[in-house]
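Student: Sharing a sequence plus its predicted fold:
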Amino acid sequence: MKNKIKETAAKLFSENGYTSTSMREIAEALGVTKAALYYHYPNKEAIFRAVVEDNFREHLHKEMVVAAEASDAWAALYNWSLCNIRNAYQFPNTRRLIFYTLQGRFRNQIHIDFEPLIHQSFQSLLNIIKRGVAENLIRDDLDPEFLASMMIPAVNGAIMGQHFRVTGAVDPELLSENIMKVIKKGFSKP
């Protein structure tokens with residue numbers, strides 16, 4: 001039930017905003033009473049935090065696991081990219097809420113300190129880049145932090161760009177493969 005609450009709340013929060021979404025609206029969208037909702041969460045802020053923080057933590061864990069399981073740095077970057085793409089399409093409303101929160105859209109309404117989670121996520125990606133440098137697969141003439149900082153908008157930009165597709169469904173594997181083709185040409189040793 002908690003996952004259903006989080007999914008429903010994420011949709012309402014992303015469409016209506018935090019302040020304009022009430023516990024009553026969440027309960028109605030779920031087809032349950034407010035009392036049933038309060039059984040799982042003490043208030044709206046707890047639901048919002050659960051939606052955003054739980055997804056971020058679970059996603060971060062997946063990023064680390066898929067990167068660690070990869071045979072080399074290119075496979076790790078592909079897996080990292082694919083993990084982000086799948087998360088974006090599996091939880092579009094939650095992803096939107098995370099972006100809105102990071103942009104400060106809910107400032108003065110709710111505060112979530114993402115710094116530690118963002119740092120962990122960036123460190124995970126940076127470790128992949130450093131691994132690639134050590135494996136002599138990724139160029140060493142550029143700062144690994146710079147390369148990691150370039151990977152993030154490449155993946156997020158590709159995800160956002162797919163929302164404007166006119167035909168065909170998005171294939172996460174193909175999207176990740178195409179991102180890697182672009183990245184490899186720029187990241188590879190000359």
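Tutor: The structure has been received and is ready for your questions.
Student: What are the boundaries of the helices in this structure?
Tutor: 2-16, 23-30, 34-40, 44-49, 55-68, 73-90, 92-103, 115-134, 144-162, 172-187 (DSSP state H).
Student: what comes up buried for the shortest one?
Tutor: The one in question is helix 44-49. 44, 47, 48 (16 or more other C-beta atoms under 10 Å). C-beta coordinates here come from the backbone N, C-alpha and C atoms, glycine included.
Student: want to try CSV for those, with distance to residue 114 and pLDDT as columns?
Tutor: CSV is the format used below for the buried residues of helix 44-49 (distance: C-beta to C-beta, whole Å; pLDDT from 0 to 100):
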residue, distance to residue 114, pLDDT
44, 19, 93
47, 17, 94
48, 13, 91
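Student: So residue 60 versus residue 87, what's the distance?
Tutor: Distance check for residue 60 against residue 87: by C-beta to C-beta, to the nearest Å, it reads 10 Å.
Student: ok, these two, which is more surrounded?
Tutor: residue 87 (21 against 16; other C-beta atoms under 10 Å).
Student: what's the closest non-adjacent residue to the more buried one?
Tutor: Distances taken as C-beta to C-beta, 6 or more residues apart in numbering put residue 59 closest to residue 87, at 4.9 Å, once the chain neighbours are dropped.
Student: got a list of what the one you found touches?
Tutor: 83, 84, 87 (C-beta atoms under 8 Å, 6 or more residues apart in numbering).
Student: so which of those residues comes closest to residue 8?
Tutor: Set against residue 8, the nearest of the contacts of residue 59 by C-beta to C-beta is residue 87 (18.3 Å).
Student: ok, how many other residues are close to residue 103?
Tutor: Residue 103 has 9 nearby residues by other C-beta under 10 Å.
Student: The helix or strand bottoming out on mean pLDDT in the chain: which residues count as buried?
Tutor: The helix or strand of the chain with the poorest confidence is helix 92-103; it has a mean of 82 (mean pLDDT, DSSP states H and E). By neighbour count on 16+ other C-beta under 10 Å, the buried set for helix 92-103 is 93, 94, 95, 96, 97, 98, 100, 101.
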